[in-house]
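Visitor: Make a model of this:
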Amino acid sequence: MDQLLYGAAYYDEYMPYERLDKDISMMKKAGINVIRIAESTWSTEEPEEGVFDFSYVTKVLDACEKEGIYVIVGTPTYAIPAWMAKAYPEVMVTDRSGRRPYGARQIMDITHPAYRFFAERIIRRLMEAVKGYRCVIGFQLDNETKHFGTSSENVQQMFVRYIRKKYDGDLERFNHDFGLAYWSNRINSWEEFPSVTGTINGSLGCEFEKFQRQLVTDFLKRQAEIVGEYKREDQFITHNFDFEWKGYSHGVQPDVDHFKAAEAVTIAGCDIYHPTQDLLTGKEIAFGGDLIRSLKKDNYLLIETEAQGFPEWTPYEGQLRLQAFSHLASGADSVMYWHWHSIHNACETYWKGLLSHDLEENAVYREACCIGRQFRELSPSLVHLKKENKTAIMVSNEALSALKWFPFPADGGNTVNYNDVVRWIYDALYEMNIECDFVSTDEKELERYDMLFVPALYSAPEECLQRIKDYAARGGCVLATFKTAFTDEHVKVWSDVQPHLLKECFGITYNQFTVPFNVGLTGDSYQIPEEERKARLFMELLENGDAQVISGYNHYAWKAYAAVTRKEFGKGLCIYMGCMTSPAYLKALLTEIWQEKGWWTWKQEIHFPLIIREGRNCSGNRVTYYLNYSRELQECGSGHKGRELFSGREVDKGERLQVQPWNLLIVEEG
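Guide: Numbering: from 1, shown residues only. Now for the predicted structure:
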C-alpha cells in the first residue's frame, strides 16, 4: 500500500437494525479507508454443519467495492459455533482445570483433528466467496491466537512424540537433561511417559510450554498455507498478535513466540490497548509497536486499538489524535479501532467503539474525522516510516516461562515477573528518548547495534550466550541484569560459578543471592535522591574479579559485595546489574554510558512527558515526531531544519517549539 490505512472492525451481523449505507457514509466522512470483517462470525457463516451463508460478508464487500473502501477479511476460526461443541464435544479445550464448557471464544483445542477439519473447510469456503473482490487487500489469520492451555490426551501424545524425536529416542539423555531422577520422576520407557499437567519439574513444564507455543506457530502456518492457495499476489497475510495483559497491553506474550509465529505472515500486525486520560504515557503504544516492528524488521499493521473502550479509557480531547499518530511514530502503516460501533449486548457491551450505543456522531467520532483527513493529506510523508535504531533489547519466551516456574519474591507485596524487568529497561530508555528494537535469542546479526540489553535471561542455550560474548568482544556494549545466564535451555542450573560463560566478559562471579531488605546502593557519583538508591526485588552478591565496581551495597552484612559493575572486554563494554534499581538510578547509569560513548544527542536533553520518535520516510527524509503526553505545554528546540507538517511552516534547527497539551508536532527534513 502507498497510503496510510485508517479504519475499524465492522460487523453488520451485530447491528440492531439495517444501517450499512449510513455506516459507509459516516466512514467516508471520517476518512476511514479500510475495515476488518468476518473473523468472529463463524456461527453466522455456517449456521448448521455444512450449511454456508456468506451473505453478510458479501453485502459489506459489495458496498465497499462500490464506495472505494478497502477490506481485510479475517478467518472466523477463533470462535466456534454451538453446533460444533454439541456434536463434537471433544474439540473443546482441555487444560489444567479440565474440559472447558462452551460459551466463551477461544475455548477449542487448536490441534484437534475435528476442529482442524471444520476450520479448514470454513476458511476455504470463505476464500471462495471473497476471491473476486478487488477491495479485499489482505487476510487476517484467526484472532489473537494462543494455545489456550491445551493439554488434552491428544496434545500429551504429541508432546511425547516431540520429545522422542528431539532426543532420537535416547531416554537416558532426556532424563539427565531434565533432572527427572528427582522425586522419582524418572521415565524408564516412552510408554509410561505421564501427563505433564501435574509435573513438579520446572524443566519439563517449561519444555511443554515451549511445545505449546510451537502449536500456535504451526496452526498459523497451516492457515497461511490455505489462504495462500486463494489469495492474489497483491494481497497480504497478517495476524493481530497481542501481548501479556495487565489490564492493558504490557509485555512479551507468554503463550506465543512472536518471532517464530510471525514467519506465517507477510506483514506483522498487532492489537495494542493502553491506559488513557491522565495515565496516558505512550509507553504501551511504543513498546508494542517496537516489538511487532522487530518481528519482520519492517513496518507493521496496528489492527486493533481503543477508540473509547472501557469507561476509564474514554479519551480527553486531543488524545485520540495523539494516540493515532503515536502508532505511526513507531512504524505502523495503519491505525484500526476495535471497533466501529458499540455492541448492544454480550460481554463486550462496554468495550465501546468509535460510535456509542446511539450510533450517532460524538466527540470521539468528530476527532476521528480530523485524524482521517490528516492521514490522507500526510500519507506521502508518513507512510512506511523506517527506523535506524542502534539499541536493542533481547527478549525470551523461555526465560519468561522459567521465571514463572521459579518466580521472583513478591516485591512489597506486589508480584513482579519477567515482563516487569523488561519494561523496567524499556521504560527508562523510552523516557530518555532512546529508541530501540527487540531481538530474539536466535538473532545472528547483533553487530547492527551499538548497545544490547539483556534483561533476566534466566534460561538460554550456550550458543546464545556465546553470541552475546562475541558481540561484546567485537565492540558491542552489553548491559545484562540479575538472573541472566543462570540455567541452560532445559532450565537446568549451570553447575559452574555464575554467570555461566559470561563471567569473563563481566568480570564478576556470584554463588549467593537474597532479597534486599533495607539495602541501599553506594559508591557511585549519581546525583539522585537517597530514596532512589534502594536495591529492589532481588540481589545477587557479586564478587568482583577484574571489573570496576560502579555501586556496592550499603548494608552492613553485604558491604563486601558489588551491586553494579562494568568491564572493558575485548573492544566492547560489559555492564552487569546484580539487583533491580529505581528508574532514576537506571537512567543515571544510562546517561553516563550514553555520554561516555558519544551517543548523547539533542533528544536525550529532552525527556518524558515530551517524547521524540524518528525515522526516514519513502523519500529518504528524516521525520521527527514531538509527542506531548501531558496536560501541560511543553517546549524544546527543534532537532532539525524542516517543515512542520500540520501547519506547513518552515522550522529552523534549534528553533523553540511549543507542543500543546495532549498534542504533537511533526517535522520533515528536506
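Visitor: CA atoms for contacts and neighbours, from now on please.
Guide: Noted.
Visitor: And the strands in the stretch 1-150 of the chain?
Guide: 5-9, 34-37, 70-74, 94-95, 98-99, 136-140 (DSSP state E, counting those that start in this stretch).
Visitor: Would you mind saying which of these lies nearest residue 151?
Guide: Residue 151 lies closest to strand 94-95 among those, at 5.1 Å (C-alpha to C-alpha).
Visitor: Any chance you could list what contacts the closest one?
Guide: With contacts defined as C-alpha atoms under 8 Å, 6 or more residues apart in numbering, strand 94-95 is touched by 100, 109, 148, 149, 150, 151, 152.
Visitor: Just give me the least confident of those residues.
Guide: For the contacts of strand 94-95, the minimum pLDDT belongs to residue 100; the value there is 89.
Visitor: Just confirm that residue contacts residue 92, I think it does.
Guide: Yes: using C-alpha atoms under 8 Å, residue 100 makes contact with residue 92 at a distance of 6.1 Å.
Visitor: Need the residues touching each of the two.
Guide: residue 107.
Visitor: More neighbours: the two, which one.
Guide: More crowded of residue 100 and residue 92, by other C-alpha atoms under 10 Å: residue 92, with 25 against 17.
Visitor: Surely that one is in contact with residue 104?
Guide: No: the criterion here is C-alpha under 8 Å, and residue 92 misses it with residue 104 at 10.9 Å.
Visitor: on that earlier part again, let me have the contacts of strand 94-95 in a markdown table, adding distance to residue 349 as columns.
Guide: Compiled in a markdown table, these are given as follows (distance: C-alpha to C-alpha, whole Å):
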| residue | distance to residue 349 |
| --- | --- |
| 100 | 23 |
| 109 | 27 |
| 148 | 24 |
| 149 | 27 |
| 150 | 28 |
| 151 | 32 |
| 152 | 33 |
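Visitor: ok, so of these, who is nearest residue 429?
Guide: Using C-alpha to C-alpha, the contacts of strand 94-95 come closest to residue 429 at residue 148, 32.9 Å.
Visitor: and the closest one, what is it in contact with?
Guide: Residue 148 sits next to 93, 95, 106, 107, 108, 109, 255 when contact means C-alpha under 8 Å, 6+ apart.
Visitor: can you rerun that using 10 Å?
Guide: Shown in contact with residue 148 (C-alpha atoms under 10 Å, 6 or more residues apart in numbering): 93, 94, 95, 106, 107, 108, 109, 110, 212, 213, 216, 255.
Visitor: do you know how far the first one is from residue 80?
Guide: It refers to residue 93. Distance, residue 93 to residue 80, by C-alpha to C-alpha, to the nearest Å: 12 Å.
Visitor: can you map out the strands along the stretch 201-350 of the chain?
Guide: With DSSP E, counting those that start in this stretch as the criterion, the stretch 201-350 of the chain has strands at 236-238, 240-241, 244-245, 249-251, 269-272, 300-305, 332-337.
Visitor: do you know which of these lies nearest residue 284?
Guide: strand 249-251 (6.4 Å).
Visitor: any idea how far the closest one is from the chain center?
Guide: With C-alpha atoms, centre = their mean, to the nearest Å as the basis, strand 249-251 stands 7 Å off its chain's centre.
Visitor: likewise stretch 327-334?
Guide: Counting by C-alpha atoms, centre = their mean, stretch 327-334 comes out at 14 Å from the chain centroid.
Visitor: can you give me the end-to-end distance of it?
Guide: 8 Å.
Visitor: What ranges does the stretch 101-250 of the chain have for its helices?
Guide: In the stretch 101-250 of the chain, the segments counted as helices under DSSP state H, counting those that start in this stretch are 113-130, 153-166, 171-177, 202-228.
Visitor: so where's the stretch 301-450 of the chain shaky on pLDDT?
Guide: Regions of the stretch 301-450 of the chain meeting the criterion pLDDT under 70 are absent.
Visitor: can you give me the strands for the stretch 451-600 of the chain?
Guide: 451-454, 477-481, 508-509, 513-514, 521-522, 536-540, 543-544, 548-553, 562-569, 572-577, 579-580.
Visitor: Just put those in JSON lines and tack on distance to residue 325, mean pLDDT and mean neighbour count.
Guide: Output for the strands of the stretch 451-600 of the chain, formatted as JSON lines (distance: least, C-alpha to C-alpha, whole Å; pLDDT from 0 to 100; neighbours: other C-alpha atoms under 10 Å):
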{"stretch": "strand 451-454", "distance to residue 325": "27", "mean pLDDT": "98", "mean neighbour count": "25"}
{"stretch": "strand 477-481", "distance to residue 325": "31", "mean pLDDT": "98", "mean neighbour count": "23"}
{"stretch": "strand 508-509", "distance to residue 325": "45", "mean pLDDT": "98", "mean neighbour count": "22"}
{"stretch": "strand 513-514", "distance to residue 325": "44", "mean pLDDT": "96", "mean neighbour count": "14"}
{"stretch": "strand 521-522", "distance to residue 325": "40", "mean pLDDT": "98", "mean neighbour count": "22"}
{"stretch": "strand 536-540", "distance to residue 325": "36", "mean pLDDT": "96", "mean neighbour count": "21"}
{"stretch": "strand 543-544", "distance to residue 325": "47", "mean pLDDT": "95", "mean neighbour count": "18"}
{"stretch": "strand 548-553", "distance to residue 325": "40", "mean pLDDT": "98", "mean neighbour count": "22"}
{"stretch": "strand 562-569", "distance to residue 325": "38", "mean pLDDT": "98", "mean neighbour count": "24"}
{"stretch": "strand 572-577", "distance to residue 325": "35", "mean pLDDT": "98", "mean neighbour count": "24"}
{"stretch": "strand 579-580", "distance to residue 325": "33", "mean pLDDT": "98", "mean neighbour count": "24"}
